[in-house]
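>>> here is a sequence together with a model predicted from it:
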Amino acid sequence: MELIAVLVMMIVGGGVAIFVLIAFAIAKSEKPREHAAATNRHEIAASILFQVMIAGGSTTDDALRQVRRGAGLAARVTPGVDLSSWGASFAQVASSAEREQLLETAVQLAIERKGPIPLRQYAALLDLSFGLGFHTDALARLREKYGFEYVDHAKDARPLEADRGGGATPLFVRDESGTVEWLHVLQIEGAPTRQVIIAAYRRLVVQHHPDRFHDAPDEQRRSEAARFIELTRAYEHLLAIYRD
């Protein structure tokens, strides 16, 4: 009996030892994965912020310096990224709070120079907002929080508050005046819903996005910039009205 008891104890002890070793090996293998995921997330974020700075007219060196110092990201940067798709990639590996922080960081870096930001950079922030899974409500709230506007190059580089309609009114405040006009701008007929508004805006903005006409003649570039701003303003106003 004593021999059997000893054998049982040895078997049980061996099983416990094997279990501990397996658990330790699993934990050890998970750490590199977590580190790789964090590294990948930081590289995506750094590349996104770098592209936003380039869209604002920063040189490569300045943009890199802003990402390193302003955002505190020392990760590798991939230039020339598509902000919508890279924003979607970041959203897949980041929490909701991290997505919000990335968009706010992009805005903070964009407004460091003070004054209205270039239209192309605002378009980049819009692309990022969409990619991260937000609508322009998020960007409108950040505009109100930090008090920044974007430059309308189609109107001799005047800020939006110089135009009719002001543009300085907080865009997420419900204001139903001009609803029919805004719907007409987005070519929406019938009963509008939030989903219909989003779909209409995305369909039209692809055609008039400033990046498509960066190398076009000045007259066409100004015309398309004006159309893009008109579409964006209508979209923001309508989203503030149709929240459900």
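Thanks, I have the structure now.
>>> do a quick rundown of the strands in the chain.
If DSSP state E is used as the criterion, the strands of the chain fall at 151-152, 158-159.
>>> least reliable of the ones you listed going by mean pLDDT?
Averaged per stretch, pLDDT over the strands of the chain is lowest on strand 158-159, reaching a mean of 42.
>>> by mean pLDDT, flag the weakest helix or strand of this structure.
strand 158-159 (a mean of 42; mean pLDDT, DSSP states H and E).
>>> where does the protein dip in pLDDT?
Within the chain, the set of residues satisfying pLDDT under 70 comprises 1-39, 135-137, 151-178, 244.
>>> contacting residues for the spatially most central residue of it?
For the chain, the residue nearest the mean C-alpha position is residue 128 (2.7 Å; C-alpha atoms, centre = their mean). Under the criterion of C-beta atoms under 8 Å, 6 or more residues apart in numbering, the neighbours of residue 128 are 48, 52, 83, 84, 87, 102, 103, 106. For the C-beta atoms, the positions are set from N, CA and C on the backbone; glycine is no exception.
>>> ok, residue 131 - contacts?
Residue 131 makes contacts with 83, 84, 85, 86, 87, 88, 90, 91, as judged by C-beta under 8 Å, 6+ apart.
>>> can you get me a residue count around residue 92?
Residue crowding around residue 92 was assessed by other C-beta atoms under 10 Å; the count is 9.
>>> top of the contacts of residue 128 by neighbour count?
residue 48 (31 neighbours).
>>> need the contact list for the residue nearest to that one when sequence neighbours are not counted.
Distances taken as C-beta to C-beta, 6 or more residues apart in numbering place residue 86 nearest to residue 48, at 5.4 Å, with adjacent residues excluded. Under the criterion of C-beta under 8 Å, 6+ apart, the contact partners of residue 86 comprise 44, 47, 48, 51, 131.
>>> okay, among these, which ones form the most distant pair?
Pairwise distances across the contacts of residue 86 (C-beta to C-beta) peak at 12.2 Å, for the pair 47 and 131.
>>> against residue 212, how distant is residue 104?
27 Å (C-beta to C-beta, to the nearest Å).
>>> what does residue 64 give?
26 Å.
>>> one more: residue 49?
For residue 49, the distance to residue 212 - C-beta to C-beta - is 23 Å.
>>> out of those two, which sits in the more crowded spot?
Neighbours were counted for residue 49 and for residue 212 using other C-beta under 10 Å; residue 49 has more, 26 against 13.
>>> neighbours of the residue nearest to residue 63 when sequence neighbours are not counted, just the number please.
Once flanking residues are discounted, residue 63 sits nearest to residue 53: 3.7 Å by C-beta to C-beta, 6+ apart. By the other C-beta under 10 Å criterion, the neighbourhood of residue 53 contains 26 residues.
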